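[1] Below are the sequence and a predicted model; questions follow.
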Amino acid sequence: MKTVAIGIIGFGTVAKGVVEVLEKNAREIERRCGYRLQVKAVARRSWEGVDTQMLSFVCSDNPYSLIEDEDIEIILELAGGVDLAGQYIEAALLRGKHVVTANKALIATRGQALFDLARERGLELAYEAAVAGGIPIIKVLREGMSGNQVLQVAGIINGTSNFILTAMTEQGSDFAEVLTEAQALGYAEADPTFDIDGTDAAHKITILASIAFGIELQFEGVYKEGIDHINAEDLQYADELGFRIKHLGLAIRRNNGVEIRVHPTLIPKNALLSSVSGVMNAVQVNGNALGEGLYYGAGAGALPTASAVIADLIDVVRELNLSQEDRLAEFGFHQLHNKTALPVLPSDEFHSSYYLNLRVVDKVGVLAEVTKIFAKSEISIASIIQKNALAHENVVTLIILTNLVKESSMNAALEQLQTLEALRGQIKRIRVEFLG
Ligand code: HSE
């Protein structure tokens with residue numbers, strides 16, 4: 001049996017998981033792909049504190065020694081980061097190596113040029129582990145859904161945010177306390193700001209949108225909000241109204257383009273995504289032939305992510321002898337839509353329902369003033385609840401759910417609401433999706 005030599009750049013959690021699974025499942029992997037996969041060398045900045053005698057591969061501190069190694073056919077880029085990782089991948093492709101990466105930030109922001117280079121050189125740049133860890137969602141969208149026009153992708157794709165929102169909902173835990181726990185468990189990014197402010201989910205939905213709709217990667221067009229402004233009160237009111245609050249990545253096909261957005265979202269308690277708890281990820285896909293499908297699993301962690309990296313590795317090995325024309329295009333489309341054919345819509349053009357939380361002085365006529373603004377903006381109110389939380393201060397909280405509305409109309413209504421004399425404090429707005 002022929003051996004394929006592999007070089008790994010980076011030796012963190014995921015790379016260690018890959019080495020472990022390649023050893024543990026060596027026989028099964030050989031049976032699947034017909035080759036023996038051998039990790040020949042691993043490069044990391046420093047091996048200090050690691051007992052390298054115990055390791056079965058060459059331990060290098062220079063990624064380029066792997067890239068230059070004639071024996072190595074496939075490079076796994078598992079170092080993370082953007083600039084250096086991008087340089088390693090580019091150099092590996094220029095040296096004729098196939099590449100497998102788990103690097104969502106790099107693929108979302110610089111992937112287009114790297115895919116072009118891989119295609120020119122007749123090489124693979126595989127990236128299944130970049131989105132939703134162990135869930136093979138790239139394969140689902142790129143291959144399993146290829147008979148469909150994809151209408152919508154909605155996913156819980158940041159485990160840290162889901163872990164925090166779940167703990168706040170179920171145990172009434174404090175935001176900061178749960179974040180520390182997520183970091184200790186190793187789910188959060190090195191800089192957890194990317195989890196909390198929605199950047200990580202925005203990277204992932206950028207990639208999913210390109211595969212769903214056959215459009216170029218357009219991270220800069222993604223609308224992004226994190227979970228830092230969600231508090232116990234919102235979770236409580238959402239619950240009373242029959243909703244959960246989840247941080248979603250959404251890619252929605254409209255007649256005039258696509259909406260790509262990440263934000264906290266009220267979803268009905270009986271929606272499948274509502275029952276996705278803790279650090280788990282799930283992606284709901286709606287296609288015009290399939291209808292609705294839900295894909296669930298671990299979105300991070302050493303072995304689940306290794307599962308996706310190794311699946312890519314096996315795909316690359318199976319296709320080692322294919323010509324470029326026979327290779328699957330990076331997003332599964334032979335021709336991508338250019339930016340004007342299916343543009344990424346600006347947020348003003350989004351359509352959504354809304355949850356609004358506003359505090360107003362409790363006096364005759366205030367509710368009428370509020371509803372008049374909605375009527376003038378042609379926004380239909382689905383329900384309205386008055387909470388007398390601060391009755392002793394003569395202030396009440398109004399919780400309003402709207403029907404579907406264009407975001408520009410909602411913004412105009414919010415501007416007018418801000419001018420109400422009876423208003424106290426900021427108006428909180430959270431989008432509502434029914435996911436049908
Ligand atoms: N920080 C990410 C998450 C890890 O919380 O989902 C997986 O990409």
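    Received the coordinates, thanks. Residues are numbered from 1 along each chain as shown.

[2] Next, the buried residues of stretch 329-347.
    Within stretch 329-347, the residues that count as buried by 16 or more other Cβ atoms under 10 Å are 330-333, 336-337, 342-345. (C-beta placed from N, C-alpha, C; glycine too.)

[3] which outside residues touch that stretch?
    111, 115, 118-119, 125, 141-143, 146, 209-211, 213-216, 218, 221-223, 253-254, 256-261, 407 (Cβ atoms under 8 Å, 6 or more residues apart in numbering).

[4] go with 7 Å
    115, 125, 142-143, 146, 210-211, 213-216, 218, 221, 223, 254, 256-260, 407 (Cβ atoms under 7 Å, 6 or more residues apart in numbering).

[5] Next, count neighbours for the closest residue to Gly301 other than its chain neighbours.
    What sits nearest to Gly301 in space, not counting adjacent residues and going by Cβ to Cβ, 6 or more residues apart in numbering, is Gly133, at 6.5 Å. Neighbour count of Gly133, defined by other Cβ atoms under 10 Å: 29.

[6] quick one on the thing from earlier: can you flag the buried ones in the contacts of stretch 329-347?
    By 16+ other Cβ under 10 Å, the contacts of stretch 329-347 give 115, 125, 142, 210-211, 213-216, 218, 221, 223, 257-260, 407 as buried.

[7] Among those, which lie within helices?
    Counting by DSSP state H, the part of those found in helices is 115, 210-211, 213, 407.

[8] give the contact list for the closest residue to the ligand within the stretch 201-350 of the chain.
    With Cβ to the nearest ligand atom, the shortest gap between the stretch 201-350 of the chain and the ligand falls at Ala300, namely 3.6 Å. When contacts are counted by Cβ under 7 Å, 6+ apart, Ala300 touches 133, 159, 187, 279.

[9] list the buried ones in stretch 177-184?
    Here stretch 177-184 shows 178-179, 181-182 as buried, counting by 16+ other Cβ under 10 Å.

[10] In CSV, list the C-alpha atoms belonging to that stretch.
    Below are the C-alpha coordinates for stretch 177-184, written out as CSV (Å, rounded to 0.1, in the frame of the first residue of the first chain):
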residue,chain,number,x,y,z
GLU,A,177,-19.0,34.0,34.8
VAL,A,178,-20.2,31.8,31.9
LEU,A,179,-17.7,33.2,29.5
THR,A,180,-14.8,32.3,31.9
GLU,A,181,-16.2,28.8,32.0
ALA,A,182,-16.3,28.6,28.2
GLN,A,183,-12.7,29.7,28.0
ALA,A,184,-11.6,27.1,30.6
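
[11] and the most far-flung residue of the chain relative to its centre, what is it in contact with?
    Of all residues in the chain, Val364 has its C-alpha farthest from the mean position, at 46.2 Å, by Cα atoms, centre = their mean. With contact set as Cβ under 7 Å, 6+ apart, Val364 has no partners.

[12] so it sits in a strand?
    No - under DSSP: H, G, I helix; E, B strand; the rest coil, Val364 sits outside any strand and is assigned coil.

[13] domain parsing for this protein?
    Using automatic domain parsing, the domain parsing of the chain gives 3-134+303-326, 137-299, 347-432.

[14] what about the shortest one, start to end distance?
    Same thing as domain 347-432. One end of domain 347-432 sits 15 Å from the other (Cα to Cα, to the nearest Å).

[15] before we move on, the earlier item: identify those among the contacts of stretch 329-347 that sit within strands.
    If you go by DSSP state E, the contacts of stretch 329-347 have 125, 223, 254, 257-260 in strands.

[16] Strands along the stretch 1-150 of the chain, start to end?
    Secondary structure of the stretch 1-150 of the chain (DSSP state E, counting those that start in this stretch): strands at 3-9, 36-43, 58-60, 72-77, 98-101, 125-126, 150-156.

[17] Deepest-packed of these, please.
    Neighbour counts (mean count of other Cβ atoms under 10 Å) averaged over each of these peak at strand 98-101, with a mean of 28.

[18] who does that strand pair up with?
    strand 72-77 (parallel), strand 125-126 (parallel) (DSSP bridges).

[19] Please report the distance of whichever residue of the stretch 1-150 of the chain sits closest to the ligand from Ser409.
    Taking Cβ to the nearest ligand atom as the measure, the stretch 1-150 of the chain has Gly133 as its residue closest to the ligand, at 5.6 Å. Between Gly133 and Ser409 the computed distance is 38 Å (Cβ to Cβ, to the nearest Å).

[20] who in the stretch 151-300 of the chain is up against the ligand?
    Counting by Cβ under 6 Å from any ligand atom, the stretch 151-300 of the chain comes close to the ligand at 158-160, 187-189, 195, 200, 299-300.

[21] I'd like the residues you listed laid out as JSON lines, including secondary structure.
    What follows is those, written out as JSON lines (three-state DSSP):
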{"residue": "Asn158", "secondary structure": "coil"}
{"residue": "Gly159", "secondary structure": "helix"}
{"residue": "Thr160", "secondary structure": "helix"}
{"residue": "Tyr187", "secondary structure": "coil"}
{"residue": "Ala188", "secondary structure": "coil"}
{"residue": "Glu189", "secondary structure": "coil"}
{"residue": "Asp195", "secondary structure": "helix"}
{"residue": "Asp200", "secondary structure": "helix"}
{"residue": "Gly299", "secondary structure": "coil"}
{"residue": "Ala300", "secondary structure": "coil"}
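
[22] picking that back up, JSON lines please, covering the strands paired with strand 98-101 and showing mean pLDDT and distance to the ligand.
    Compiled in JSON lines, those are given as follows (pLDDT from 0 to 100; distance: least, Cβ to the nearest ligand atom, whole Å):
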{"stretch": "strand 72-77", "mean pLDDT": "98", "distance to the ligand": "15"}
{"stretch": "strand 125-126", "mean pLDDT": "98", "distance to the ligand": "16"}
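
[23] Turn these into a markdown table, including distance to Ser377.
    As requested, the strands paired with strand 98-101 are exported to a markdown table (distance: least, Cβ to Cβ, whole Å):
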| stretch | distance to Ser377 |
| --- | --- |
| strand 72-77 | 49 |
| strand 125-126 | 47 |
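
[24] quick one, which of these is nearest to Ala232?
    strand 72-77 (40.9 Å; Cβ to Cβ).
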